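**Student:** Need a 3D model of the sequence below.
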Amino acid sequence: MYFHQYPSTLALLAVLSMFLGHSTAAFAQEGDARLKQRITALESENLALRKIIGEIQTVLKTIPEQTKIEQKHPSGLRIVLLPGEWDGSSLVDMRKVCESAGGSIMAQIGDDSFAPIIVQKDNSGPITLFRRGEGNEHIVRLNTGGRAWAQLAFQFAHEFCHIACNYRDVKNQQLWFEETLCECASLFALRSMATEWQTNPPYSNWKGYSTSLASYAEDRLNMHEGQNESLANFYRANLAELEKNGTNRILNGYMSVKLLPLFEANPGSWQTLRYINLGPAEENTTFSGYLSAWRDRVPEKHRSFIELLAAEFMVDLSTETPKR
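**Tutor:** Take a look at the predicted model:
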């Protein structure tokens with residue numbers, strides 16, 4: 001009755017119905033097209049992701065299992081050797097040498113809070129970068145290889161000493177002293193390893209390498225044979241050069257030889273490294289101030305050792321002025 005009274009409405013509804021039918025079909029067709037397009041895009045993305053995952057898996061297979069950080073070495077060190085041009089040296093063997101070298105110092109430090117150490121092959125090494133890894137790892141670059149275990153131990157022990165010394169990128173006129181400590185740490189590690197490997201090497205057939213380790217250290221010591229100048233006189237004679245160039249290896253080497261007997265007689269004093277380079281950069285201005293601040297931070301039982309070192313250089317810590 002209602003529609004008959006309004007014929008124009010019926011016509012409008014018919015037209016609207018026809019329009020909606022066509023629109024629904026069009027929308028459905030457009031929706032199908034978009035859906036197919038999206039499915040095609042997803043399939044393409046999925047294929048790309050599978051390719052990326054495959055590449056990652058391939059790379060992971062090429063990285064030897066020994067380079068993965070699984071657990072700390074008994075010494076507390078976590079060392080990762082990255083693949084590189086190591087002249088045929090096995091990464092697992094190199095890691096064992098580094099663990100032994102660093103472990104010689106770690107055994108005296110007794111601190112297991114060190115971040116992992118990533119070791120890379122680089123001709124610019126040996127060097128420890130100020131830049132840290134994405135996981136806060138220390139990055140050490142060494143320039144060795146070819147199963148030269150004594151050289152590897154010497155280089156790694158030196159760089160590990162920098163890590164133990166809280167190395168940092170600040171102005172430090174006393175950097176020469178840290179470098180000297182690290183040269184001394186290398187000698188200490190080599191001689192400790194030479195003794196340890198006689199009975200307890202990383203592999204039973206490595207006992208013979210103990211002689212090579214001892215010889216390498218002895219050669220370093222003999223480089224300064226005949227030099228009998230006291231540390232105090234040597235320091236004062238070379239003060240300008242030391243503060244200008246902290247990495248003068250000839251000067252560092254001589255002083256490290258003179259310091260070695262002190263550390264070998266007091267091996268627990270390597271723990272003092274953990275308290276150096278922790279103060280403001282201003283304390284680096286003078287050697288007396290540097291040593292005095294270090295002495296004040298170490299545990300009381302080690303303060304006498306810092307004073308012993310100061311006495312070798314004839315530095316008066318009570319006045320923070322070198323004796324003349």
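**Student:** Spell out which residues make up each domain of the protein.
**Tutor:** Residue ranges for the domains of the chain, per automatic domain parsing: 2-62, 67-322.
**Student:** mean confidence for the longest one?
**Tutor:** Summarised as a single mean, pLDDT over domain 67-322 is 94.
**Student:** In JSON lines, list the domains of the chain along with mean neighbour count.
**Tutor:** Using the backbone N, CA and C atoms, a C-beta is placed for each residue, glycine as well. Converted to JSON lines, the domains of the chain look like this (neighbours: other C-beta atoms under 10 Å):
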{"stretch": "domain 2-62", "mean neighbour count": "10"}
{"stretch": "domain 67-322", "mean neighbour count": "18"}
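**Student:** in this protein, which residue is closest to the centre?
**Tutor:** Centroid-nearest residue in the chain: His138, 2.3 Å away (criterion: C-alpha atoms, centre = their mean).
**Student:** Who does it form a beta bridge with?
**Tutor:** Beta-bridge pairing of His138 under DSSP bridges involves Ile117.
**Student:** residues in contact with the residue nearest to Phe160 when sequence neighbours are not counted?
**Tutor:** Nearest non-adjacent residue to Phe160, counting by C-beta to C-beta, 6 or more residues apart in numbering: Gly102, 4.4 Å away. Under the criterion of C-beta atoms under 8 Å, 6 or more residues apart in numbering, the neighbours of Gly102 are 75, 77, 79, 117, 156-157, 160, 189.
**Student:** How about Arg147?
**Tutor:** Counting by C-beta under 8 Å, 6+ apart, Arg147 has contacts 87-89, 93.
**Student:** Kindly provide the distance from it to Leu187.
**Tutor:** Separation of Arg147 from Leu187 (C-beta to C-beta, to the nearest Å) stands at 21 Å.
**Student:** And for Tyr275?
**Tutor:** Tyr275 sits at a distance of 22 Å from Leu187 (criterion: C-beta to C-beta).
**Student:** repeat for Leu242
**Tutor:** 19 Å.
**Student:** any chance you could map the strands in the stretch 1-150 of the chain?
**Tutor:** 79-81, 117-121, 127-128, 138-142 (DSSP state E, counting those that start in this stretch).
**Student:** I'd like the distance from the one helix or strand Pro261 maps to to the chain centre, please.
**Tutor:** Here Pro261 sits within helix 249-265, counting by DSSP states H and E. Distance of helix 249-265 from the chain centroid (C-alpha atoms, centre = their mean, to the nearest Å) equals 24 Å.
**Student:** same thing with stretch 132-151?
**Tutor:** 7 Å.
**Student:** for stretch 239-256, same thing?
**Tutor:** Remark: stretch 239-256 is offset 24 Å from the chain centroid, using C-alpha atoms, centre = their mean.
**Student:** Can I get that stretch as PDB, trimmed to CA atoms?
**Tutor:** Taking Å, rounded to 0.1, in the frame of the first residue of the first chain, the C-alpha atoms of stretch 239-256 are listed here in PDB:
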ATOM      1  CA  LEU A 239     111.400  12.700  31.600                       C
ATOM      2  CA  ALA A 240     110.700  15.100  28.700                       C
ATOM      3  CA  GLU A 241     110.500  12.200  26.200                       C
ATOM      4  CA  LEU A 242     108.400  10.100  28.500                       C
ATOM      5  CA  GLU A 243     105.800  12.700  28.900                       C
ATOM      6  CA  LYS A 244     105.900  13.500  25.200                       C
ATOM      7  CA  ASN A 245     105.700  10.000  23.900                       C
ATOM      8  CA  GLY A 246     104.300   7.400  26.400                       C
ATOM      9  CA  THR A 247     104.800   4.500  24.000                       C
ATOM     10  CA  ASN A 248     108.600   4.800  23.500                       C
ATOM     11  CA  ARG A 249     109.200   1.000  23.600                       C
ATOM     12  CA  ILE A 250     112.900   1.300  24.300                       C
ATOM     13  CA  LEU A 251     112.300   3.400  27.400                       C
ATOM     14  CA  ASN A 252     109.200   1.400  28.500                       C
ATOM     15  CA  GLY A 253     111.200  -1.800  28.000                       C
ATOM     16  CA  TYR A 254     114.100  -0.800  30.200                       C
ATOM     17  CA  MET A 255     111.900   0.300  33.000                       C
ATOM     18  CA  SER A 256     109.700  -2.800  32.800                       C
END
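**Student:** Fine by me, thanks again.
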